[in-house]
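>>> Fold the following.
(one chain, ligands or ions: 1)
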Amino acid sequence: MKQVVKIRSPRLFTGIIIPYSTAIVFLIGVACQPAVPEIDNPYAGVDWVEYGQYKANLHTHTTLSGGTAAPEDVIDLYRELGYDILALTDHDDDSVAVPTWPWQSYGRDPAVLGMVAIQGNEISDVHHIGSHFNDYGAPGVESEDIVLKEIGRRGGTALFHHPGRYDKGVEWYVDMYRRYDHLLGQEVYNRNDRYPEDRQLWDAILMEILPERSVWGFASDDMHNTEKDMGISWIVVVTSELTSELVREAIEGGCFFYVNAPKGQDGAAAPDIESITVSASSGTIHVEATGQDSIVWISQGILVHKGDRLALDDELELGKYVRAEIYGADGIVVGTQPFQIY
Ligand SMILES: [Zn+2]
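Here you go, the predicted model:
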């Protein structure tokens, strides 16, 4: 994959007469400027002091689709683990055609609990798809196209669950992402990395589809068993306030991290990301974190750099994007979304 570096061309004003000497100095100055790549930052606009970081699981089952705990117990257990955002996504191919919704039907009020509840379902008769922010369910549905069109029609968002379970290939995913803007991304960690090749697939899709659009990486418990599956894989949503609208906006814009903690809640705490600073003028990305062992940078599926600061002019073999992974104790990884490079 060839690196695409767009050199900003100087904008010369026409119609203004300037002395030749001034023009020559100006042109020499422009010609001597190094080409600074432009960097798309999904975390641009975040006030790292004022904004909150909210823990979310977007892929959760209850007794309505093979889970071990009733909806109200699942809600309570996630709240006890410090989650702020939860989507109950029961399979739509069992007895449940519609989302496990609203929480009030199960005696729980998200406002009282201080949580954001997301309406959702796991569409399960085709490639499993997380359907969020809408009331769709489609037992017996025959194609992913029907599913994604309908989720879009209902104003919802979608993400592919555990792609490693299927054999679809990069082109199939790229085609889907090209056609459905509300298809936001895919799981890159499903319950402690049951499908380790899902990150390779994600990288391959990014290499193919950028700069047309980005694809976000998610981590989810896919919780069925409250004893074994809880609090292992989650996302951290960065937003100014904990409201459904702002959480949705942040997820749609990639303003979140994914986390995989193999030892779950019994293990070490995950590293905290304190801030991410992108400097357009110097072409650097700086991740400030605490509690980490190391920070690595990945481009085109390859580790290209180690350290908290990445300088794009370091003669690195960068592709169309770079993303960071922050490693902590007990095998914990916290991942950023891709920073697109032009
Ligand atoms: Zn599931």
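
>>> got the residues of the stretch 101-250 of the chain near the ion?
When proximity is defined as C-beta under 5 Å from the ion, the stretch 101-250 of the chain approaches the ion at Glu122, Asp222. (Each C-beta comes from the backbone N, C-alpha and C, glycine too.)

>>> so where do the helices sit in the stretch 101-250 of the chain?
Along the stretch 101-250 of the chain, the segments classed as helices by DSSP state H, counting those that start in this stretch run 110-113, 144-153, 170-179, 198-209, 244-253.

>>> Just name the most buried of those.
Mean neighbours per residue, mean count of other C-beta atoms under 10 Å, is largest over the helices of the stretch 101-250 of the chain for helix 198-209, with a mean of 20.

>>> Please name every helix or strand in contact with it.
For helix 198-209, the contact count by 3 or more C-beta pairs under 8 Å, 6 or more residues apart in numbering; DSSP states H and E identifies helix 170-179, strand 183-190 as packing neighbours.

>>> Mean pLDDT for those - can I get that in CSV?
Putting the helices and strands packed on helix 198-209 into CSV (pLDDT from 0 to 100) gives the following:
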stretch, mean pLDDT
helix 170-179, 98
strand 183-190, 98
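
>>> Which of the ones you listed sits closest to Ala269?
strand 183-190 (17.4 Å; C-beta to C-beta).

>>> Got the confidence number for the residue of the stretch 51-200 of the chain at minimum distance from the ion?
Relative to the ion, the nearest point of the stretch 51-200 of the chain is Glu122 (4.7 Å; C-beta to the ion). With respect to pLDDT, Glu122 has a value of 96.

>>> which intervals of the stretch 51-200 of the chain have sub-threshold pLDDT?
94-96 (pLDDT under 70).

>>> Would you map the strands across it?
Listed in chain order, the strands of the stretch 51-200 of the chain (DSSP state E, counting those that start in this stretch) span residues 52-60, 85-88, 116-118, 120-123, 129-132, 157-160, 183-190.

>>> ok, back up a step: who wins for proximity to Gly331 among the helices and strands packed on helix 198-209?
Of all the helices and strands packed on helix 198-209, the one in closest proximity to Gly331, counting by C-beta to C-beta, is strand 183-190 (11.6 Å).

>>> That closest one pairs with which strands?
strand 157-160 (parallel), strand 216-220 (parallel) (DSSP bridges).

>>> neighbouring contacts of that strand?
By C-beta atoms under 8 Å, 6 or more residues apart in numbering, the list of residues contacting strand 183-190 from outside reads 59, 148, 157-164, 173, 176-177, 195, 198-199, 201-202, 205, 215-220, 222, 233, 251-252, 254, 258-260, 333, 335.

>>> which residues touch stretch 87-105?
56-62, 64-67, 71, 74-75, 106, 109-110, 117-125, 130-132, 135-140.

>>> How far does stretch 85-96 sit from its chain's centre?
A distance of 21 Å separates the centroid of the chain from that of stretch 85-96, by C-alpha atoms, centre = their mean, to the nearest Å.

>>> now Gly120: how far from Gly319?
For Gly120, the distance to Gly319 (C-beta to C-beta, to the nearest Å) stands at 33 Å.

>>> likewise His61?
When distance is defined by C-beta to C-beta, His61 is 37 Å away from Gly319.

>>> swap in Gly152?
30 Å.

>>> still on that earlier bit, please identify the most buried of the strands paired with strand 183-190.
Most buried among the strands paired with strand 183-190, given mean count of other C-beta under 10 Å as the contact rule, is strand 216-220, at a mean of 27.

>>> Show the average pLDDT along that one.
On average, strand 216-220 scores 98.

>>> Could I get the contacting residues of Val238?
With C-beta under 8 Å, 6+ apart, Val238 has these contacts: Tyr43, Val46, Tyr51, Gly52, Gln53, Tyr54, Ala250, Cys255, Phe256, Phe257.

>>> I am finished for the moment; much appreciated.
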